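A.B. asks: Quick one: sequence and predicted model below, then my questions.
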Amino acid sequence: MATSLDNPGLEGLTQFDHFLEMFPRYLRGQRGLSENTERVYLADLQSFRQYLVNEELGLTDMDRQVLRGYLAWLSTEGRDGQRGFARVSVARKLTVLRTFYRFLVQEGLFRSTPVPSGRSFKLKVAKTLPDFLGQREVARLMDAPDESTVHGIRDKAILETLYACGVRLAEIHGMDLTDIHFSRREILVRGKGSKERLVLFGGPTEDALRRYINESRRQLMSRPTQALFLNRYGERLSRRSFEKLVRRYSVLAGTRADVHPHTLRHTFATHMLEGGADLRVIQELLGHSSPTTTQVYTHVTKQEALVAYLSHHPRADEPAGRTPRASSKTEDPVSTGEDA
């Protein structure tokens, strides 16, 4: 074990910043994480840096007591000095901290990590089940864009691709024209950690994509580019723009105001499962490395079945006229894997 710093103040911060500067190379080279995930990790470590400053601690002062103090600080005042982070955010920051200290072990600062493992130090969080749209809501959403306009044709193709393929926001943002294979109705997607996979699409999505590429994209393109979805200036459409257009059309379609591109990913998975698809197939199409991540959708459909049963079966135990609501949360240890 490394010895404690003689001066945990300025010297400790200098040491922290030194290793923090080296950390991204470890995340990219050895962990294979995306740039987006890397930004989240670095932002989460700023909270830990602030805690070290407040308590006049250094990296080598870490032990179980320091860790408990850090988590308590995050939960009560770590966000802005007046309120704490949500438990799911605290759990994520704990995961990031474990990764950072494993990196410090590799750099020779420790013989073994002083941060307790997930087995010996668990943080329980209430896992919120993913929201999804009903099939009628999806139909209204797909019909919302005005296909008599250049942007409406593009937006129709975007909505169709999000729902038909179940892709993440970062994945549709990074799509290129050459990634689409119409003959096989496949799109090559680059997911987390630069992992590639093929996603599938059907006839309606093919029609929407072909029309966009042959009509709207040609009008939007101001100079040669491989980016699939373009903005009004002929550049790759930003992630923020994807979010805004999904939210705008969801309101226009009369669904709800909080629909996000990830909502359509959840909807894709839920509808696949309801249609009888094997969980392993859904896992492959979503790009989940672990089946545990995909299994959250079984909870969604089981709860929907429970609501339907209690609402409509004459032998159900619910009082007449009462429509039960399924809980949207399950108590579960924090996952250190991927998001859905």
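C.D. replies: Alright, I've got the coordinates. Residues are numbered from 1 along each chain as shown.
A.B. asks: What residues sit buried inside whichever strand or helix holds residue 280?
C.D. replies: In this structure, residue 280 sits in helix 279-286 according to DSSP states H and E. Of all the residues in helix 279-286, those buried under the rule 16 or more other C-beta atoms under 10 Å are 279, 282, 283, 285, 286. To be clear about C-beta, it is placed using only N, CA and C from the backbone, and glycine gets the same treatment.
A.B. asks: Quick one: residues in contact with stretch 228-241.
C.D. replies: 151, 154, 157-158, 169-170, 172-173, 175-177, 179-180, 217, 220-223, 225, 227, 242 (C-beta atoms under 8 Å, 6 or more residues apart in numbering).
A.B. asks: Go again with 7 Å.
C.D. replies: Under the contact criterion C-beta atoms under 7 Å, 6 or more residues apart in numbering, stretch 228-241 has outside partners 154, 158, 169, 173, 175-177, 217, 220-223, 225, 227.
A.B. asks: before we move on, back to that, so how far is the helix holding residue 280 off the chain centroid?
C.D. replies: Relative to the centre of its chain, helix 279-286 is centred 16 Å away, using C-alpha atoms, centre = their mean, to the nearest Å.
A.B. asks: packing partners for it?
C.D. replies: helix 261-274, helix 291-294 (3 or more C-beta pairs under 7 Å, 6 or more residues apart in numbering; DSSP states H and E).
A.B. asks: follow-up on the earlier one: filter the contacts of stretch 228-241 down to the buried ones.
C.D. replies: 154, 158, 169, 173, 175, 217, 220, 227.
A.B. asks: need these in CSV with secondary structure and distance to residue 26, can you?
C.D. replies: Shown next, in CSV, are these (DSSP: H, G, I helix; E, B strand; the rest coil; distance: C-beta to C-beta, whole Å):
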residue, secondary structure, distance to residue 26
154, helix, 39
158, helix, 35
169, helix, 25
173, helix, 25
175, coil, 29
217, helix, 39
220, helix, 39
227, strand, 30
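A.B. asks: of these, closest to residue 60?
C.D. replies: Proximity of those to residue 60 (C-beta to C-beta) peaks at residue 169, which lies at 38.7 Å.
A.B. asks: Quick check: the closest one vs residue 111, distance?
C.D. replies: From residue 169 across to residue 111, the span is 41 Å (C-beta to C-beta, to the nearest Å).
A.B. asks: Quick one: name whatever helix or strand follows the helix or strand residue 38 falls within.
C.D. replies: Using DSSP H and E, residue 38 falls within helix 35-55. Remark: after helix 35-55, the chain's next helix or strand is helix 64-76, criterion DSSP H and E.
A.B. asks: In space, what's closest to residue 158 - neighbours in sequence excluded?
C.D. replies: Nearest-residue entry for residue 158: residue 229, 6.0 Å, with adjacent residues in sequence omitted and distances by C-beta to C-beta, 6 or more residues apart in numbering.
A.B. asks: Counting neighbours, what do you get for that neighbour?
C.D. replies: 24 (other C-beta atoms under 10 Å).
A.B. asks: Repeat that for residue 36.
C.D. replies: Neighbour count of residue 36, defined by other C-beta under 10 Å: 13.
A.B. asks: mind putting the buried ones among the contacts of stretch 228-241 in a markdown table, distance to residue 42 and pLDDT included?
C.D. replies: Formatted as a markdown table, the buried ones among the contacts of stretch 228-241 follow (distance: C-beta to C-beta, whole Å; pLDDT from 0 to 100):
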| residue | distance to residue 42 | pLDDT |
| --- | --- | --- |
| 154 | 33 | 98 |
| 158 | 30 | 98 |
| 169 | 20 | 92 |
| 173 | 20 | 95 |
| 175 | 26 | 97 |
| 217 | 35 | 97 |
| 220 | 34 | 97 |
| 227 | 26 | 97 |
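A.B. asks: So residue 101: helix, strand or coil?
C.D. replies: Under DSSP: H, G, I helix; E, B strand; the rest coil, residue 101 falls in the helix class.
A.B. asks: who's in contact with it?
C.D. replies: Per C-beta under 7 Å, 6+ apart, neighbours of residue 101: 62, 113, 114, 115.
A.B. asks: where exactly do the helices run in the stretch 101-250 of the chain?
C.D. replies: 135-142, 150-165, 169-173, 203-211, 217-220, 239-252 (DSSP state H, counting those that start in this stretch).
A.B. asks: Can you say which of the ones you listed is packed in most?
C.D. replies: Counting by mean count of other C-beta atoms under 10 Å, helix 150-165 has the highest mean neighbour count of the helices of the stretch 101-250 of the chain, with a mean of 23.
A.B. asks: Counting neighbours, which bits of stretch 187-197 end up buried?
C.D. replies: Buried-residue list, stretch 187-197, by 16+ other C-beta under 10 Å: 187, 189, 190, 191, 192, 197.
A.B. asks: Point out where this protein drops to low pLDDT.
C.D. replies: 1-12, 81-82, 118-130, 299-300, 302-340 (pLDDT under 70).
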